[in-house]
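> starting from these lines, generate the structure:
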Amino acid sequence: MHAFIAIASCWRITSMTASFVPISSNHIISSRRPRSLPQQQQTSSCAQRTTLLNSDMGRIILDDLSRMTIAELKAQLRRVDLPVGGRKQELCDRLSEYYSSKGQLHTHVDEDCDESAIQELENLTVPVLRERLKMIGLPVSGRKQELIHRLREYHQNTNKFSDNSTSTINQSIESSNWNAQSTTIDNPALPFGSGEDVFRGSIQEDLIATIDKFQSNENSISRKARRKKYFKTQEVRELIRASDPRAPAKAEEMIATLEQMAKEENNDEYLPGPRQYTVLIDAYAKSQTSGAEEVIERIMKSNIELTTTMMNAIMGAYASMGTVEGAKQATTILERMEYIRDLGGGAVKPTVYSYSLAISAWAKCHSLDSATCAENILTRLLESYEKVLMNGNQSDYAEELKPNSVVFNSVIDAWASSGSPVAGEKAESLVNKMETYSRMDYYDVRPDTITFNTCIKAWCNSNCPDAPQKAEEILCKLETQPHYPRKKGVLIVRPNLLSYNTVINSWAKSSDPESAMHAQSLLMRMLKNYKADAFSTVKPDVVTFSSVLNALAKSKAQNKANKCLKLLETMIDLHDEDGSCDTTPNVICYNTVLNACAFSALADEDEKKRALEVAVKVFKLLNEERYVRPDAVSYGNMLKCCANLMPPGNARTSMASTIFSKCCEAGMVGGMVLDEIRRSIPSKEFLLLLAECGYEKPLKQHKNAMSIELRQLPRQWTVNVKVGDMSSRQRSISVKHEKQTRKERSHSKPIPPVIRRPGFLIEPSWASGKDV
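Residues are numbered from 1 along each chain as shown. Sure thing, here's the model as predicted:
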């Protein structure tokens, strides 16, 4: 039945001799208008059909009716005063019956079925090829050459079968004593519907109707099953893309629904296939929920046909776990795929994506052993690819296995995340290998900006003494804009903002005495290049300025408070010039400048005075609330400046008291503020200050200043403090005192409970009238 319908869809009856004319692959697949056709082609096709049907004396080709949309069919029915109700097939039947009675219905198409029609497939795009394959019920996966080969194979098979079919039908027609010399329907010399022609025409129409009936029934069932599976699958995929936690449950519901439909319809085409089970695995893997391993085990034990895509989905599920066990399972799947490939003839073969998934699984483990395993998998990929190239008979598979920059970048990232002392050297050797492969035509490997940035990250995380110098050397190489050949043109690699920020952060964390100077010079270089080049996209952002400010604040450089203030003003000017959100100063920048001022206590008196002036100026800028508001750390750093830069006396007490009062009003009293105010003013003044702000209990009870805890203060004083800025920022003296107080409370004798003497219970008795 299937074979007969497939042949019927590829041949058209054209004459009274019942000869079959093969149709080109374009005609076969375009029985319905593809969705991917451009608007111009759709318009021209629609105009052509309309022109053909609007001609009263023109010929109506049977296939044109099936190509028309429902709106066009109804418009044509209205022109001939026929009913417009019903489904599309009913509309087509109604029109074909009408035009048959008028003698205008023909089934002839041009006999353009030579090799030139097949060659036209080369000019089609992949979406159009897949649409055509879907129309005839063939698989749509694979590269473009595979799709074209599949269509050619189908076309050749139908041509071979058509020769036998034509001879068989001709013999059956001749056995019916039909005259071979009779005139065809297309011959306008004889009137249609006379004598023998009418009889033979009715036989031919019955044969067409039978073929169309089988084809429509079978195709409608097959299309219905494919559509059900397609829409169910797309619904789950949309949930996966949106990271919806309902995706796993929806995927399980899809599998159960399709299985139930296959049972009810008694049709195996409804059963979920590899594509549906792949979506099920992806739903569990990307939702970060438990159950992925159970689904994988269930699939492995079942009779489901395994494909490369499904195996890759299973590897992706194990890779998303981020554990060593998951990485081992992904590697085991990869080894199975390699084993099946080496046996030969297997449909499951590892691709470059399979190897990249296994490498990514090891890269997420963040250890030295995991980085070594990732590099070993890369070595296996290169060896497998070289074997396939030497074989020469697997050009299609060689394209799927060709190493690319992604797998190399994943291995470099595995070394960068390992924290190994040799991570920088390993990453740089991989970059050199990529540069070597970039000059070979049969490799798709060339280092890009991500490659160099990951290599810089590997050096920064290696914790080597010369790591910042090595990272800056790679940045200097990147600034020279190296060129690497590719298929179309040349790849020019340039540094981006992340390249500079990573190197600056490496200098900021370094213990080198000149680290602050190196970080500041890199920032100045960025500003110079940005202002010199009108098309430059590398502009310092808030992370860049914060890293340099942090390096200066921790350094022992002279006059570092003024240097930090100049950097902050440069940042504000840069933001005012372009109004970019990337350069908007945040509270961390202001707090870093205040911290730099507070740690200028070991300098001479003149520098301490200048540092105090800078602190006052920055604190006033914060209180203006132009960009940000001061937080608990800002108030704590300002109080630290008072304690470190001002000598004890009334001036320091007055300034510190004013700052603490504003802090209480803002609800920003954190652990650091409480500790620094006790350092800034005497104990008696501290108790009086608490009473002036509204907390009189310590003064009345004559408590010690160091015994006051943060949790004892009024709630409105700490209402706006972040959790991280509470007691965790208090100095060790205060924390030690608080722990000692808690320890004394725990060892004190428990107070015995007060047991009251029981009294008499008087309850009236309503039955006897007496009290019991």
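
> ok, residue 354 - contacts?
In this structure, residue 354 makes contact with 308, 311-312, 315, 334, 337, judged by CB atoms under 8 Å, 6 or more residues apart in numbering. C-beta: built from backbone N, CA, C; applies to glycine.

> tell me which residue lies nearest the centroid of the protein.
Relative to the mean C-alpha position of the chain, the nearest C-alpha, by CA atoms, centre = their mean, is the one of residue 241, at 7.7 Å.

> related to what we said a few turns ago, which of the contacts of residue 354 are buried?
Buried residues within those, defined by neighbour count using 16 or more other CB atoms under 10 Å: 308, 311-312, 315, 334, 337.

> so which of these sit within helices?
If you go by DSSP state H, the buried ones among the contacts of residue 354 have 308, 311-312, 315, 334, 337 in helices.

> residue 378 against residue 406, yeah?
No - contact status for residue 378 versus residue 406: not in contact, 11.1 Å apart, counting by CB atoms under 8 Å.

> more neighbours: these two, which one.
Just comparing residue 378 and residue 406: by other CB atoms under 10 Å the higher neighbour count belongs to residue 378, 23 against 16.

> got the phi/psi numbers for that one?
Backbone geometry at residue 378, expressed as degrees, to the nearest 10, gives phi -60, psi -40.

> quick one, what contacts it?
With contacts defined as CB under 8 Å, 6+ apart, the neighbours of residue 378 are 355, 359, 403, 407-408, 411.

> among the residues you listed, who's most crowded?
Per-residue neighbour counts (other CB under 10 Å) across the contacts of residue 378 peak at residue 359, which has 31 neighbours.

> CA atoms of the host helix or strand of that residue as CSV?
Residue 359 is part of helix 352-363 when elements are defined by DSSP states H and E. Taking C-alpha atoms only, helix 352-363 is exported to CSV below (Å, rounded to 0.1, in the frame of the first residue of the first chain):
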residue,chain,number,x,y,z
VAL,A,352,33.1,17.2,17.3
TYR,A,353,30.1,18.3,19.4
SER,A,354,30.2,15.0,21.2
TYR,A,355,33.9,15.6,22.2
SER,A,356,33.2,19.2,23.2
LEU,A,357,30.4,18.0,25.6
ALA,A,358,32.8,15.5,27.3
ILE,A,359,35.5,18.2,27.6
SER,A,360,32.9,20.7,29.0
ALA,A,361,31.9,18.1,31.6
TRP,A,362,35.5,17.8,32.8
ALA,A,363,36.0,21.6,32.7
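
> count of residues packed around residue 249?
Residues contacting residue 249 under the criterion other CB under 10 Å number 16.

> how close does it sit to residue 314?
According to CB to CB, to the nearest Å, residue 249 stands 20 Å off from residue 314.

> and residue 619, by the same measure?
Relative to residue 314, residue 619 is positioned 58 Å away (CB to CB).

> between these two, who's got more neighbours?
Each of residue 619 and residue 314 had its neighbours counted (other CB under 10 Å), and the higher figure belongs to residue 314 (26 against 21).

> low-confidence ranges, the chain, go.
Across the chain, the stretches falling below the confidence threshold (pLDDT under 70) are 1-64, 66-67, 102-119, 155-221, 345-346, 393, 725-772.

> ok, which stretches of it are strands?
Using DSSP state E, the strands of the chain run over 11-13, 20-22, 60-61, 105-106, 483-485, 490-492.

> tell me which strands the fifth one pairs with, and in which orientation.
Think strand 483-485. Strands adjacent to strand 483-485 in the sheet, as given by DSSP bridges, are strand 490-492 (antiparallel).

> buried ones in the partner strand, by neighbour count?
Buried-residue list, strand 490-492, by 16+ other CB under 10 Å: residue 491.

> then stretch 657-674?
If you call a residue buried by 16+ other CB under 10 Å, then stretch 657-674 has these buried ones: 657, 659-660, 663-664, 666, 668-674.

> can you name the two of those residues that are farthest apart?
With CB to CB as the measure, no two of those lie farther apart than 657 and 671, at 19.0 Å.

> coming back round to it: farthest-apart pair in the buried ones among the contacts of residue 354, please.
In these, the most distant members under the criterion CB to CB are 308 and 334, with 11.5 Å between them.

> any idea how far residue 385 is from residue 399?
10 Å.

> these two: which has the busier surroundings?
residue 385 (19 against 14).

> quick one: contacts for the residue lying closest to that one once chain neighbours are set aside?
Residue nearest to residue 385 in three dimensions, not counting chain neighbours: residue 401, with 5.1 Å by CB to CB, 6 or more residues apart in numbering. Residues in contact with residue 401 (CB under 8 Å, 6+ apart) are 350-352, 381, 384-385, 388.

> contacting residues for residue 380?
Taking CB under 8 Å, 6+ apart as the definition of contact, the neighbours of residue 380 are 338, 355.

> and if you look at residue 357?
Listed by CB under 8 Å, 6+ apart, the contact set of residue 357 reads 312, 315-316, 319, 330, 334.

> buried set for stretch 465-472?
When neighbours are counted by 16+ other CB under 10 Å, the buried residues of stretch 465-472 are found to be 467-472.

> still on that earlier bit, residue 493: which of the contacts of residue 357 is nearest?
Nearest to residue 493 among these, with distances taken as CB to CB, is residue 319, at 27.9 Å.

> give me the number of residues near that closest one?
Tallying neighbours of residue 319 according to other CB under 10 Å, which is how burial is gauged here, yields 23.

> and if you look at the one 4 residues further on?
Other residues lying near residue 323 total 14 when counted by other CB under 10 Å.

> how close does the nearest residue in space to it that is not next to it in sequence get to residue 723?
Excluding the flanking residues, the one nearest residue 323 by CB to CB, 6+ apart is residue 365, at 7.1 Å. Residue 365 is 31 Å from residue 723, where distance means CB to CB.

> of those two, give the one with the bigger neighbour count.
residue 365 (23 against 8).

> show me the contacts for the more buried one.
Residue 365 makes contact with 322-324, 327 under the criterion CB under 8 Å, 6+ apart.

> how far does stretch 269-284 sit from the chain's center?
Relative to the centre of its chain, stretch 269-284 is centred 20 Å away, using CA atoms, centre = their mean, to the nearest Å.

> that stretch: which residues count as buried?
Neighbour counts using 16+ other CB under 10 Å place 269-272, 274, 276-284 of stretch 269-284 among the buried residues.

> with stretch 632-647 instead?
Buried residues in stretch 632-647, defined by neighbour count with 16+ other CB under 10 Å: 632-646.

> then stretch 83-92?
Neighbour-count burial for stretch 83-92, with 16+ other CB under 10 Å as criterion, is recorded at 91-92.

> and if you look at stretch 476-493?
In terms of neighbour count (16+ other CB under 10 Å), stretch 476-493 has its buried residues at 478, 482, 484, 491, 493.

> for stretch 681-701, same thing?
By neighbour count, and taking 16+ other CB under 10 Å as the criterion, the buried residues in stretch 681-701 are 681, 685-687, 689-690, 693, 695, 698-699.

> and it, end to end?
Taking CA to CA, to the nearest Å as the measure, stretch 681-701 stretches 20 Å from start to finish.

> what is the neighbour count of residue 504?
For residue 504, the count of nearby residues is 31 (other CB under 10 Å).

> kindly apply the preceding question to residue 514 instead.
Using other CB under 10 Å, residue 514 has 12 neighbouring residues.

> measure it to residue 562 for me?
Separation of residue 514 from residue 562 (CB to CB): 19 Å.

> residue 709 and residue 295, how far apart?
For residue 709, the distance to residue 295 equals 53 Å [CB to CB].

> which of these two has more neighbours?
Using other CB under 10 Å, the more surrounded residue of residue 709 and residue 295 is residue 295, with 21 against 16.

> excluding chain neighbours, what is closest to the more buried one?
On the basis of CB to CB, 6+ apart, the spatially nearest residue to residue 295 that is not a chain neighbour turns out to be residue 284, at 5.6 Å.

> try residue 375
Ranked by CB to CB, 6+ apart and with sequence neighbours excluded, the top spatial neighbour of residue 375 is residue 411, at 5.4 Å.

> appreciated, that's everything.
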